[in-house]
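*Asks:* sharing a sequence plus its predicted fold:
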Amino acid sequence: MTGLRAIATPRGAATVVAVTLMWCGLWREISVANVLAGLAVAVAIMASGMGPAATGRLNVIALVKLFAVITIDLIKATWTVAFETITPGNNTQESVIAVALPPGHRRYGLLLTIAITITPGTAVVDISEDGSIVYLHLLYHESRDDTVAHTLRLARMAAEAWPEPDPAPDAGRRPSEVTS
């Protein structure tokens, strides 16, 4: 199910809420304007069919864990970047790295982009055309290995929160074998 009808499902509603909260987090303020703008972005995403499939089961516990990890990342990274800003000298060594995402994680591209970019010190600068590689700008190149591992962890957590729906019972049959 795509389009605006997908919003009426539990998964669609959760997607709208999640994107709206992430939008407010990106602007670091919950205000009427940010909530309305976040809702507009979420509805546009769902209407375009870019959101997660409207079938399947939303794992609320996994979603809460994902948001908790993102919140902790935001707090830790904000502290690190703030400390870097107020201390004399420049201890940064910026770089751009490529992180190959596991197969099937393309559908979480928007969620991963927001989760990564909302955290100070990292930003998504590009995604490969097929969505299998995400290019990240790092403020601290020495944290490259940790960032790659963390990005893959976020992808895995997103997949746990919005698992692929089970295939239809007739999915493995040829069209001529499907009974009505």
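*Replies:* Sure, I can see it.

*Asks:* from here on, just use CA atoms for contacts and neighbour counts.
*Replies:* OK.

*Asks:* identify each buried residue in stretch 99-111, please.
*Replies:* 99, 100, 101, 105, 106, 107, 108, 109, 111 (16 or more other C-alpha atoms under 10 Å).

*Asks:* which residues touch it?
*Replies:* 19, 50-52, 130-136, 148, 151-152, 155, 158-159 (C-alpha atoms under 8 Å, 6 or more residues apart in numbering).

*Asks:* max-length helix in the protein?
*Replies:* Using DSSP state H, we find that the single longest helix of the chain is helix 60-86.

*Asks:* list the ones among the contacts of stretch 99-111 that fall in helices.
*Replies:* Using DSSP H, the contacts of stretch 99-111 in helices are 19, 148, 151, 152, 155, 158, 159.

*Asks:* what distance do you get for the first one to residue 113?
*Replies:* So that's residue 19. Look at residue 19 and residue 113: by C-alpha to C-alpha, to the nearest Å, they are 11 Å apart.

*Asks:* those two: who's more crowded?
*Replies:* residue 19 (24 against 18; other C-alpha atoms under 10 Å).

*Asks:* state the helix or strand in which the residue at minimal distance from the centre of the chain lies.
*Replies:* By C-alpha atoms, centre = their mean, the chain has its centre lying nearest to residue 111, at 1.5 Å. Remark: residue 111 resides in helix 109-117, with elements defined by DSSP states H and E.

*Asks:* now do that helix: distance to the chain's middle.
*Replies:* 4 Å (C-alpha atoms, centre = their mean, to the nearest Å).

*Asks:* any chance you could list what contacts the following helix or strand past it?
*Replies:* Next along the chain after helix 109-117, taking DSSP H and E as the criterion, comes strand 122-127. For strand 122-127, contacts defined as C-alpha under 8 Å, 6+ apart pick out 113, 116, 117, 133, 134, 135, 136, 137, 138, 139.

*Asks:* could those residues be laid out in CSV, adding distance to residue 30?
*Replies:* Converted to CSV, the contacts of strand 122-127 look like this (distance: C-alpha to C-alpha, whole Å):
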residue, distance to residue 30
113, 20
116, 19
117, 18
133, 32
134, 28
135, 29
136, 27
137, 26
138, 27
139, 27
